[in-house]
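J.: Sequence and computational prediction follow.
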Amino acid sequence: MIDSTDFHELVEGARTYRRFSGEPVSEDVLCELVDAARLSPCGNNMQLLRFRVVSADDAGAAQTVFSHLHWAGALKDWDGPEPGERPGGYIVVCLPAKLAANPIRLIDTGIASQSIVLAAATRGLGACMHKSYDASLADDLGLTESGYAVSMVIALGPRAEKIVLEPATIDHDLVYWREPDGSHHVPKLSLSDLLI
């Protein structure tokens with residue numbers, strides 16, 4: 001049995017990371033992370049999600065994925081990680097195109113994606129779940145011709161930024177920000193704020 005404190009710390013550490021060490025994540029490791037998603041619950045046990053893994057070892061494919069992603073909407077003057085701090089790999093979560101907007105299947109995507117992020121955190125890897133990407137990504141990965149649509153892109157790699165969880169205040173509301181030292185601050189509501 002996993003200690004509840006350890007699990008809480010795992011969740012706390014499974015933040016969104018947008019800057020990485022630049023080291024590739026091997027295809028084997030990416031597949032092991034997908035295996036955590038495979039074991040996750042899904043609606044009606046339909047198991048409709050499929051996964052494309054892309055390691056930064058395949059520089060062309062990694063650049064294709066990276067070029068379609070949109071990073072950190074709240075950081076208006078930042079276009080994403082620079083060379084040397086880009087993800088070491090990606091897991092592209094896919095759905096049959098005809099079900100790409102199905103609410104239950106989108107919940108499946110979220111559950112599977114969180115399992116991947118938690119599994120990555122156990123390895124000390126950071127992750128960023130992307131729902132903001134160009135529509136042509138599926139075409140460029142050859143998914144459309146196979147009848148699949150992109151439902152989520154998870155960027156992964158060794159962490160290269162400091163994340164600080166902050167109590168939500170009126171100063172920042174719930175908008176994350178960066179300090180001059182590069183640390184990334186994320187305001188979180190308290191438990192008492194959430195209970196109704």
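T.: That came in fine, so what should we check first?
J.: Can you get me a residue count around I163?
T.: 17 (other Cβ atoms under 10 Å). The C-beta positions use only the backbone N, C-alpha and C, and glycine is treated the same way.
J.: repeat for L195
T.: 6.
J.: do T16 as well
T.: For T16, using other Cβ under 10 Å, the count is 17.
J.: Any idea which residue is closest to the centre of the chain?
T.: M129 (2.3 Å; Cα atoms, centre = their mean).
J.: so who does it touch?
T.: T16, S113, V117, M152, V153, I154 (Cβ atoms under 8 Å, 6 or more residues apart in numbering).
J.: What about these, which are in helices?
T.: S113, V117 (DSSP state H).
J.: how close does S55 sit to T64?
T.: S55 sits at a distance of 13 Å from T64 (criterion: Cβ to Cβ, to the nearest Å).
J.: Comparing those two, which residue is more hemmed in?
T.: Neighbours per residue, other Cβ under 10 Å: of S55 and T64, the larger number sits with S55, 21 against 15.
J.: for the more buried one, what are its contacts?
T.: Neighbour list for S55: P24, V25, S26, E27, L30, A62, G88, G89 [criterion: Cβ under 8 Å, 6+ apart].
J.: and the two most separated of those residues?
T.: The distance between the two most remote of the contacts of S55 (Cβ to Cβ) is 12.6 Å, for S26 and A62.
J.: The protein: strands as residue ranges?
T.: Using DSSP state E, the strands of the chain run over 50-55, 89-96, 125-130, 148-158, 163-167, 177-178, 184-188.
J.: Of all these, which one is nearest I2?
T.: Nearest of the strands of the chain to I2, taken as Cβ to Cβ: strand 125-130 at 18.7 Å.
J.: quick revisit: does the residue nearest to the centre of the chain have any beta-bridge partners, and if so which?
T.: For M129, the beta-bridge assignment (DSSP bridges) gives partners I154.
J.: go on, K188?
T.: Here K188, judged by DSSP bridges, has bridge partners P167.
J.: Enumerate every residue touching it.
T.: Contacts for K188 (Cβ under 8 Å, 6+ apart) come out as L165, E166, P167, A168.
J.: Check what pLDDT it gets.
T.: Note for K188: predicted pLDDT of 94.
J.: same deal with P103?
T.: On pLDDT, P103 comes in at 97.
J.: Give me the distance between it and G43.
T.: The gap separating P103 from G43 is 9 Å, by Cβ to Cβ.
J.: L39 - how many residues pack around it?
T.: Neighbours of L39 using other Cβ under 10 Å come to 9.
J.: That one: what's its closest spatial neighbour, skipping adjacent residues?
T.: Distances taken as Cβ to Cβ, 6 or more residues apart in numbering put S115 closest to L39, at 7.5 Å, once the chain neighbours are dropped.
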